[in-house]
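**Student:** model the following, please.
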Amino acid sequence: MKLCFISSAPLLLLAAIGCTAVPSKQARQVNNPSQSNQPAVAQSSVVPSSAASLGPSLAPASLVSAASAVPITQTSLTANPAASSINSAVSSSSAPVSGILSTATTTTKTTTAPVSSTSKTSSAASQPSQVSRSADGFPVPDLSYNLTAAGPVTILMLNSQSSSPQGRFFVDKAARLTSTTVNNNNKLRIDVKSFPENTGYEAYLKQVREACDKKMGGLFDVVMLEATVLGELADCLVDLSAWDPAMGSGFAKGVLQNSYVNKRLVSLPIEADIGILYFNAEVLGKYASTNPPYSFDDIEAIAGTVLTAQRGVDNFAFSGYTSQLSGEDLTAQVAEWLLGYNRSQIVNNMTGLISLETNAVAQVLQRVSTWTTSNLIDPNDFLFEPTEPYSTAVTRGRKHPDSALADVDPPLARFVAGNSLFMRHWASTYSWLLGNDDVRFGWGIGPVVGWDHSVNVGALGGWGVGVYKYSQNPTAAVKVAKWMASREMQYDAVVNAKLRIAPTRSDLYTDKKVCNVLGEDLCAIYANVTPAVRPSSLVGRHYKNVTQIISSGMNVFFTTPETIVEALTKLTIELARELGQTVNNNTDWSVDPPAVGKKVPSHLQIQLMGLCAVILITCATVYLLKRRQIDDGIQVAKDKLAVIAQTAKQEVINKTVQRRADLDFGANEFTHLDDDDEDDLERNDKRGGRPQYSIVKGAEKDEFI
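**Tutor:** You can find the predicted model right below:
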């Protein structure tokens, strides 16, 4: 298994990852803005860039405007195309390719007045008779489209996409394409329609949907599609594989799989995005180790160690793991958690049936729930207002209470402020972090880990292009869509235009020039991660309700005493009702650890528990210190007594020795014999007796002493 590090780019990059392969234990890239030459955990050639280098989903316009996005003034499409809100609120360019950018820019300021009936767009709104269609309204495929395509093609984009660096790159490339005679490319004309600035993607989708439902043509031909909306709009999109059986060749398998709905290729991925794990390298190295996690065990062990140290210095704002745990982002992470354990799924991609009531699903979700009870995850992360679906990876327009960063989502603000060890976010955030001066610590990235070391996962996101069912020029639209997703376009965008947008062509992830721009770390992650695909393509137009059911159900489970069995049973019933499926309710539950009731503490409770813990530790420390002092005093007293006793004993011994010496001296003095005495002694010996010491002499000895 290989691990790598990713850059911030949408789904495009996923397919093309081919940078240097890294062993499964390889450490992730660490980027330290304060020490650019500091050795990293893994070598990378990532060159910091500003957020302006990001793809359309992260263009400066969207970074600034996402928070204040407003719907288009007119959101309903009338039967008369000339009065439709797309005609009135969306800019239309009738200029040559070279004028697309200026037209798109100026028309974002247009009013919502209907386009006059004499305008090109209005006159083209009626369906031309020359387009051959099947009974269900789809254009009949022209297998020679690459040579026969001619005429105008209108591409529908968000303003943040058309005005981004990638949008300008596209305009320049379109001009070059239509100026060549190869494959009759000079017979094409490419126009761009963009919604007014600050228009959200929800409004974009609504108008495309309404135009399709009313079978309106002549409005646009090619549409930009976020990865999770393909099922919702599948019946409005042409099956591109019917026009060219090799249309899907060269794309990363996991990325392309999401582009199929009911075995129809409804989109070509042009930009990849994926969920990855960011970590604070400085904190990790200080309290734990220099190795990032490779499994749930690692996350729990490392975060537990760091949290204990942070609580010890009264840093209760610090979180072990932060993420976007509400709305669509929570659904994405549920898909990651399930894929990371026994490759479980929300909806079985083979049968299309709900597959939540299994022990594998229960096991992994139950384990993640313990992260909230242990405060590895701040429970408040589940309570933030969900971000707008399909909004950019960075700009959410919500202000985190712990950070002065007002224009990013709360988990990202927490991480940038240095208040989280791990952060699960999107790869498209990578470039934003590189160019952000508020990040004042070393950080690194790696794949989202699974239950064990066997798999690295990441929820799939990104953008693609599809051909509108009621296009007036489907032949040219198919050719333009194929060109937009081509390897040449993706390669030029990264290598020549220096845009950090993740390609979707798998061979580009092994291209050194591509990885030099994107970063070896990101290339490696994209090349080796297993994409966790949300069930958007499987459930079709039901997905908006499905994801709401999943995210709200999981939110209740993670923040209340509800058990995992109760949560999964309820989820299955609600999803089955939405999708019209039958509930079996025959699961033999054997969840380990058992699903116990959970109570998530509030911030105040956490602080009180922390205060009690501090008081308890302080009291214990004082007691042990006093006990140590008493023990030391007793030992000192014992030592002194021992010295006194030894001294006294030595004095007694000395006196005794002296006493004996004095007695011996006295005895010698009184018993000394001169020559006469010796003669007497000899005489006495002859008489058979020895002289005896008298009592007096003994008394005299005592007196002498």
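
**Student:** how about low-confidence regions in the stretch 201-350 of the chain?
**Tutor:** Along the stretch 201-350 of the chain, segments meeting pLDDT under 70 span 290.

**Student:** show me where the stretch 251-400 of the chain has its strands.
**Tutor:** 260-261, 264-265, 268-280, 319-323 (DSSP state E, counting those that start in this stretch).

**Student:** elements contacting the last one?
**Tutor:** Meaning strand 319-323. Helices and strands touching strand 319-323, by 3 or more Cβ pairs under 8 Å, 6 or more residues apart in numbering; DSSP states H and E, are helix 296-312, helix 410-416, strand 420-426. Where you see a C-beta, it was placed from the backbone N, CA and C, and this is true even at glycine.

**Student:** give me the beta-bridge partners of Leu237?
**Tutor:** Beta-bridge pairing for Leu237 (DSSP bridges): Tyr468.

**Student:** distance check, it against Leu579.
**Tutor:** 21 Å (Cβ to Cβ, to the nearest Å).

**Student:** which of those two has more neighbours?
**Tutor:** Shown here are Leu237 and Leu579; by other Cβ atoms under 10 Å, Leu237 has more neighbours (25 against 18).

**Student:** that one contacts Tyr470, doesn't it?
**Tutor:** No: here Leu237 lies out of contact with Tyr470, judged by Cβ atoms under 8 Å, at a distance of 10.6 Å.

**Student:** pretty sure Lys655 sits in a helix.
**Tutor:** Yes: judged by DSSP: H, G, I helix; E, B strand; the rest coil, Lys655 forms part of a helix.

**Student:** where's Met247, which helix or strand?
**Tutor:** Met247 is part of no helix or strand when elements are defined by DSSP states H and E.

**Student:** phi, psi of the residue lying closest to it once chain neighbours are set aside?
**Tutor:** In space, Met247 comes closest to Leu240 once its chain neighbours are excluded; the distance is 4.7 Å by Cβ to Cβ, 6 or more residues apart in numbering. Phi and psi for Leu240, reported as degrees, to the nearest 10, are phi -70, psi -30.

**Student:** can you count the residues close to Leu240?
**Tutor:** 24.

**Student:** equivalent analysis for the one 3 residues further on, please.
**Tutor:** Neighbour count of Trp243, defined by other Cβ under 10 Å: 24.

**Student:** please look at it and Thr148 and confirm they touch.
**Tutor:** No: counting by Cβ under 8 Å, Trp243 stays clear of Thr148, with 11.5 Å between them.

**Student:** what touches both of those two?
**Tutor:** Shared contacts of Trp243 and Thr148 (Cβ atoms under 8 Å, 6 or more residues apart in numbering): Asp142.

**Student:** and the protein, what are its domain boundaries?
**Tutor:** Here the domain parsing of the chain from automatic domain parsing is 275-462+544-601, 602-669, 675-704.

**Student:** now, of those, which is deepest in the fold?
**Tutor:** domain 275-462+544-601 (a mean of 20; mean count of other Cβ atoms under 10 Å).

**Student:** hang on, isn't Asp142 packed against Thr148?
**Tutor:** Yes: the pair Asp142 / Thr148 is scored as a contact, 6.2 Å apart, by Cβ under 8 Å.

**Student:** shared neighbours of the two, anything?
**Tutor:** Here Asp142 and Thr148 have Thr475 as joint contacts, going by Cβ under 8 Å, 6+ apart.

**Student:** pull the contacting residues for Met555.
**Tutor:** In this structure residue 555 is Asn, not Met. Counting by Cβ under 8 Å, 6+ apart, Asn555 touches 325-326, 330, 382.

**Student:** farthest-separated two in the residues you listed?
**Tutor:** The most widely separated members of the contacts of Asn555, counting by Cβ to Cβ, are Leu330 and Phe382 (7.8 Å).

**Student:** where does this structure have low pLDDT?
**Tutor:** Along the chain, segments meeting pLDDT under 70 span 1-129, 290, 386-407, 585-607, 609, 662-705.

**Student:** so which residues of the stretch 151-300 of the chain form helices?
**Tutor:** Taking DSSP state H, counting those that start in this stretch to define them, one finds helices in the stretch 151-300 of the chain at 159-162, 165-177, 201-213, 230-233, 240-243, 253-257, 281-283, 296-312.

**Student:** quick one: closest of those to Ser454.
**Tutor:** Closest to Ser454 of those is helix 296-312 (Cβ to Cβ; 11.7 Å).

**Student:** run the angle between the closest one and strand 420-426 for me.
**Tutor:** If you take axes from the mean of the first three to the mean of the last three Cα atoms, to 10 degrees, helix 296-312 sits at 130 degrees to strand 420-426.

**Student:** show residues contacting helix 296-312.
**Tutor:** Residues outside helix 296-312 that contact it (Cβ under 8 Å, 6+ apart): 283-284, 287-289, 292-293, 316, 318, 320-321, 367, 371, 374-376, 421-422, 449-452, 610, 613.

**Student:** repeat for stretch 341-353
**Tutor:** Around stretch 341-353, the neighbours that count as contacts under Cβ under 8 Å, 6+ apart are 331, 334-335, 338-339, 354-356, 358, 360-361, 363-364, 450-451, 455, 533-535, 538-539, 550, 581.

**Student:** might one say that Ile573 is in contact with Val583?
**Tutor:** Yes: using Cβ under 8 Å, Ile573 is in contact with Val583, at 5.6 Å.

**Student:** wait, what's in contact with Gly540?
**Tutor:** Contacts for Gly540 (Cβ under 8 Å, 6+ apart) come out as 231-232, 234-235, 261.

**Student:** ok, 10 Å please
**Tutor:** Contacts for Gly540 (Cβ atoms under 10 Å, 6 or more residues apart in numbering) come out as 230-235, 261-262, 546, 579.

**Student:** just the helices in the stretch 301-450 of the chain please.
**Tutor:** Using DSSP H, counting those that start in this stretch, the helices found in the stretch 301-450 of the chain span residues 327-339, 359-373, 410-416, 430-434.

**Student:** and of the ones you listed, who's closest to Gly461?
**Tutor:** Checking the helices of the stretch 301-450 of the chain against Gly461 by Cβ to Cβ gives helix 327-339 as the closest, at 7.5 Å.

**Student:** quick one: list the elements packing against that closest one.
**Tutor:** With contacts defined as 3 or more Cβ pairs under 10 Å, 6 or more residues apart in numbering; DSSP states H and E, helix 327-339 has these neighbours: strand 268-280, strand 319-323, helix 359-373, strand 420-426, strand 443-449, strand 456-467, strand 530-532, helix 543-559.

**Student:** can you redo those as JSON lines with distance to Lys479?
**Tutor:** Converted to JSON lines, the helices and strands packed on helix 327-339 look like this (distance: least, Cβ to Cβ, whole Å):
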{"stretch": "strand 268-280", "distance to Lys479": "12"}
{"stretch": "strand 319-323", "distance to Lys479": "41"}
{"stretch": "helix 359-373", "distance to Lys479": "44"}
{"stretch": "strand 420-426", "distance to Lys479": "31"}
{"stretch": "strand 443-449", "distance to Lys479": "36"}
{"stretch": "strand 456-467", "distance to Lys479": "10"}
{"stretch": "strand 530-532", "distance to Lys479": "28"}
{"stretch": "helix 543-559", "distance to Lys479": "30"}
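
**Student:** which one, of the ones you listed, ends up nearest to Asp136?
**Tutor:** With Cβ to Cβ as the criterion, Asp136 lies closest to strand 456-467 of the helices and strands packed on helix 327-339, at 15.2 Å.

**Student:** and that closest one with helix 201-213, angle?
**Tutor:** Using the same axes, to 10 degrees: strand 456-467 against helix 201-213 is 50 degrees.
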